[in-house]
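*Asks:* Fold the following for me, if possible:
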Amino acid sequence: MAYVFVSSFKNGIDARRTKLNAQQGSFVSAKNVHINRGGEIEKRKAFVEKYVLPAGKTKGLFANNSGLFVFGTDGTSNVAPGFSFPRGLNYYHLSGQATGYTLDQVMSVDSYDNKPYVSAKLSNGTGSYFAHFYYATATTNTQVDEWTAIESAASFASTKEIAKELSEIMDVDPNATVEFVTGSVTSATNPSILITARVANTSLTITALPDSTVTGALDTTVTTITAAAPGVKEVKEVSFAGTVTSVTVNTLFKVTIANGSSSNSYSTSSRETFSTHFVKTFKTKMYASSGSLIHFSHTDTPKDWAVNQSDFAGFENLAAQTGSYTKSIGAANYQNFMAIFARRSTQIWQMVPGDPASNQVVQLMDGIGSVASGSIASFGELDVFFLSDTGIRSLRARDSSNAAVVFDIGTSIDPVVQAKMDTAGYAKTKRAKGIIEPTDGRYLLAIGDTVFVYSFFPASGISAWTTYDLGFEVEDWAVQDNRLYCRSGDKIYLYGGNDNNTYDASEASVELSWLSADKPAHKKRFYGLDVSCEGTWSAQISTDPVTNQFVTTGSVIGQNFSQPNFRMSAIGTHIGLKFSTTDASFSRLSSACIHFDFTDPAR
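*Replies:* You can find the predicted model right below:
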């Protein structure tokens, strides 16, 4: 009589190895669970609908000591007839925008003097521009004119950069594959996007903007390169002509790919391509991105951006520090310094509010950066989590020198994260949102409809990744009064509900890496299973890693170590285990034990 006892699940998902070779107790998959401080599996709480907002009238979600905030360009009385914002949820009216423009997207928010400072994208249907808004009254933020002047005078993206950005945004179109090329069939100097039908003998309808009859200076042309035919995939080209100027910098570039009833549109502008438009409060100043430049406001006056030596406003050009630096993606506090991320480069800066001439770069880190501004989250003072093109990474001190080094905290789930980034596409990936959960300090990163969850308790040796499947896409996170909120569409959800102890009937499930009792070449007869848990958990087993067919052995409530175990009869070198629960209450899986005999002990 022998057995394998799995007493800890501290390693979480391990996608680096095959399921037959991963460490005992690690997971092939883990959905709607996380790992607690004792290395046990716990079902997540419910994300309970807390507020329903007027359809399409507000954007964003932010929290500080004053409460939760959402934003819009309508006056409070015009948001929706008869609608009153509930207690605890504040509406900030962003006022002073250009005539005809409404709020399209909240790009970034930070709190300055306990008041929201907002970077926003505003659109009118044919173009968009970016502006900052800051406190005017308790319910109104006005446009920051000095930033608008900086934005108007800033550089902007060329048609080549716009075409490249669009090609990345279009990379998940269901009807076509896309490729950016520097020249076109009609002109060797015009950048273009090649659009190839995914299915042979399928005709695509491609439309593109802008049209020279409208803009005069800019134009897009759609040309058929290869016609659809049996066994032949249609290829069309969208070429971009003209030069972006300060007059056309906000013009909308839009490509629509249609196939019958299926139609998808993709858009950007020169200004949107040029910069991520994030804002960051740091040491009495507000910092903001404009391409590779990091601007900083006057000391103690976040609405004043005009360069003035006596008030210490100005900017730093990060592209002058290293050739690999392009536009700034985001920033975070790091050991009293500011860590500033481009897509494939990171710089650590010492910013001196009272003497900008003393600002200096402390460390340059080429080859690693962030793809999503919203993914960047400071964990205390010594750790910064972020999403890179290679996966989820952490910036932390290497040793007592405090020099920063990138830790590959996400290596164990890199294949899973990279696959999610591929299926979600660049447009959703660059909007990924990360936050530090306030109770247990877990890092949550939402990409599309999947939340990657990092449970890290170093004193217990726990460093574990799992996932949440919420059934909706998280657009923003916020923490207020030690409670976690998220927004999706026009709904705001509260984790755990009002009592912080609400669960739902969503399925929580794990598949363990397959067990061999450290004898992977020995055949075994598996005949019993013991489980220790809280709640009701269903157990499934498989001994065929090729077909991966699992059969249910039964369900357990509490534990069955002191009772007859689950009986089974299965032959194999390895055994796979799956556990799941749909209990709408606290549920925990602590350990599992498989009983077996060797069928060929002499081998």
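*Asks:* For residue 464, which non-adjacent residue is spatially closest?
*Replies:* Spatial nearest neighbour of residue 464, chain neighbours left out: residue 12 (2.8 Å); criterion: CB to CB, 6 or more residues apart in numbering. The C-beta positions use only the backbone N, C-alpha and C, and glycine is treated the same way.
*Asks:* again with residue 182
*Replies:* Using CB to CB, 6+ apart, the closest residue to residue 182 is residue 191 (5.7 Å).
*Asks:* swap in residue 161?
*Replies:* Spatially, and ignoring its direct neighbours in sequence, residue 161 is nearest to residue 273 (5.5 Å; CB to CB, 6+ apart).
*Asks:* ok so the one you found is a helix residue?
*Replies:* Yes - according to DSSP: H, G, I helix; E, B strand; the rest coil, residue 273 belongs to a helix.
*Asks:* Count the residues that sit near the closest residue to residue 588 other than its chain neighbours.
*Replies:* In this structure, residue 588 finds its nearest non-sequential neighbour in residue 534, 4.3 Å apart by CB to CB, 6+ apart. By the measure other CB atoms under 10 Å, the count of residues near residue 534 is 19.
*Asks:* same deal with the one 5 residues further on?
*Replies:* The tally of other residues near residue 539 (other CB under 10 Å) stands at 23.
*Asks:* re the thing from before, please work out how many residues are found near the residue nearest to residue 464.
*Replies:* Other residues lying near residue 12 total 26 when counted by other CB under 10 Å.
*Asks:* how much space is there between it and residue 453?
*Replies:* Going from residue 12 to residue 453 by CB to CB, to the nearest Å gives 9 Å.
*Asks:* now residue 367
*Replies:* Distance, residue 367 to residue 453, by CB to CB: 27 Å.
*Asks:* okay, those two: which has more neighbours?
*Replies:* Comparing residue 367 with residue 453 by other CB under 10 Å, the one with more neighbours is residue 453, at 23 against 11.
*Asks:* Name the residue closest to the centre of this protein, please.
*Replies:* Nearest to the geometric centre of the chain sits residue 432, at 1.8 Å (CA atoms, centre = their mean).
*Asks:* For that one, which residues are in contact?
*Replies:* 371-372, 374-375, 387, 445-447 (CB atoms under 8 Å, 6 or more residues apart in numbering).
*Asks:* Chain neighbours aside, what residue packs nearest to it?
*Replies:* Nearest to residue 432 is residue 372, by CB to CB, 6+ apart, at 4.0 Å.
*Asks:* Any buried residues in the strand ranked longest in the chain, and which?
*Replies:* In the chain, with assignment by DSSP state E, the single longest strand is strand 524-542. Residues of strand 524-542 classed as buried under the neighbour-count rule (16 or more other CB atoms under 10 Å) are 524, 526-535, 537-542.
*Asks:* what about the closest residue to residue 599 other than its chain neighbours, distance to residue 301?
*Replies:* Closest residue to residue 599 apart from its sequence neighbours, by CB to CB, 6+ apart: residue 523 at 4.5 Å. Applying CB to CB, the value for residue 523 to residue 301 is 76 Å.
*Asks:* can you check residue 508 too?
*Replies:* 50 Å.
*Asks:* Neighbour count for those two, which is higher?
*Replies:* Using other CB under 10 Å as the criterion, residue 508 and residue 301 rank with residue 508 on top: 26 against 16.
*Asks:* The more buried one touches residue 581, doesn't it?
*Replies:* Yes - between residue 508 and residue 581 there is a contact under CB atoms under 8 Å: 5.3 Å.
*Asks:* Can you pull out the low-pLDDT segments for this structure?
*Replies:* Residues of the chain that meet the criterion pLDDT under 70 lie in 213-216, 309-310, 381, 398-402, 601-603.
*Asks:* All the helices of it, in order from the start?
*Replies:* 145-153, 159-169, 212-215, 270-274, 414-424, 426-429 (DSSP state H).
*Asks:* Comparing these, which stretch has the densest surroundings?
*Replies:* helix 270-274 (a mean of 24; mean count of other CB atoms under 10 Å).
*Asks:* Run through who's touching that helix.
*Replies:* For helix 270-274, the external contacting residues (CB under 8 Å, 6+ apart) are 121, 128-130, 151, 154-158, 161-162, 165, 244, 248-251, 253, 290-291, 327.
*Asks:* chain center to it, what's the gap?
*Replies:* Distance, stretch centre to chain centre, for helix 270-274: 20 Å (CA atoms, centre = their mean, to the nearest Å).
*Asks:* Return the residues in contact with the nearest residue to residue 497 once chain neighbours are set aside.
*Replies:* In this structure, residue 497 finds its nearest non-sequential neighbour in residue 48, 3.9 Å apart by CB to CB, 6+ apart. Contact analysis of residue 48 by CB under 8 Å, 6+ apart lists 493-498, 502, 504.
*Asks:* Those residues, buried ones only, as a ChimeraX selection?
*Replies:* To isolate the buried subset of the contacts of residue 48 in ChimeraX, counting by 16+ other CB under 10 Å, use the following:
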select :493,494,495,496,497,502,504
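*Asks:* give me the number of residues near the closest residue to residue 449 other than its chain neighbours?
*Replies:* Once flanking residues are discounted, residue 449 sits nearest to residue 473: 5.0 Å by CB to CB, 6+ apart. By the measure other CB under 10 Å, the count of residues near residue 473 is 19.
*Asks:* again, but for residue 358
*Replies:* Residue 358 has 10 neighbours, counted by other CB under 10 Å.
*Asks:* Run a quick neighbour tally on the residue lying closest to it once chain neighbours are set aside.
*Replies:* Excluding its sequence neighbours, the residue lying closest to residue 358 (CB to CB, 6+ apart) is residue 352, at 4.2 Å. Counted with other CB under 10 Å, residues neighbouring residue 352 total 13.
*Asks:* just checking, residue 352 touches residue 338?
*Replies:* No - Residue 352 lies out of contact with residue 338 (CB under 8 Å); the separation is 11.0 Å.
*Asks:* before we move on, back to that, tell me if I'm right that the residue nearest to residue 182 and residue 165 touch.
*Replies:* No - with contact defined as CB under 8 Å, residue 191 does not reach residue 165; the gap is 10.8 Å.
*Asks:* related to what we said a few turns ago, I figured the residue nearest to residue 449 was touching residue 486, is that so?
*Replies:* No - counting by CB under 8 Å, residue 473 does not reach residue 486; the two are 9.7 Å apart.
*Asks:* Overlap of the contact sets of the two?
*Replies:* Taking CB under 8 Å, 6+ apart as the contact rule, residue 473 and residue 486 both touch residue 446.
*Asks:* how much space between residue 49 and residue 488?
*Replies:* 10 Å.
*Asks:* again but with residue 123, I slipped
*Replies:* Here residue 123 is placed at a distance of 21 Å from residue 488 (CB to CB).
*Asks:* what does residue 422 give?
*Replies:* Residue 422 is 22 Å from residue 488, by CB to CB.
*Asks:* just residue 292 next, same as before
*Replies:* The gap separating residue 292 from residue 488 is 33 Å, by CB to CB.
*Asks:* same question, residue 477
*Replies:* 11 Å.
*Asks:* Look at these two and report which has more neighbours.
*Replies:* residue 477 (24 against 19).
*Asks:* tell me the contacts of the residue nearest to residue 588?
*Replies:* Residues in contact with residue 534 (CB under 8 Å, 6+ apart) are 558, 586-588, 590.
*Asks:* if we go to 10 Å?
*Replies:* By CB atoms under 10 Å, 6 or more residues apart in numbering, the contact set of residue 534 is 40, 42-43, 557-559, 581, 583, 585-590.
*Asks:* Put the buried members of the residues you listed into a PyMOL selection.
*Replies:* To isolate the buried members of the contacts of residue 534 in PyMOL, using 16+ other CB under 10 Å:
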select buried, resi 40+42+43+581+583+587+588+589+590
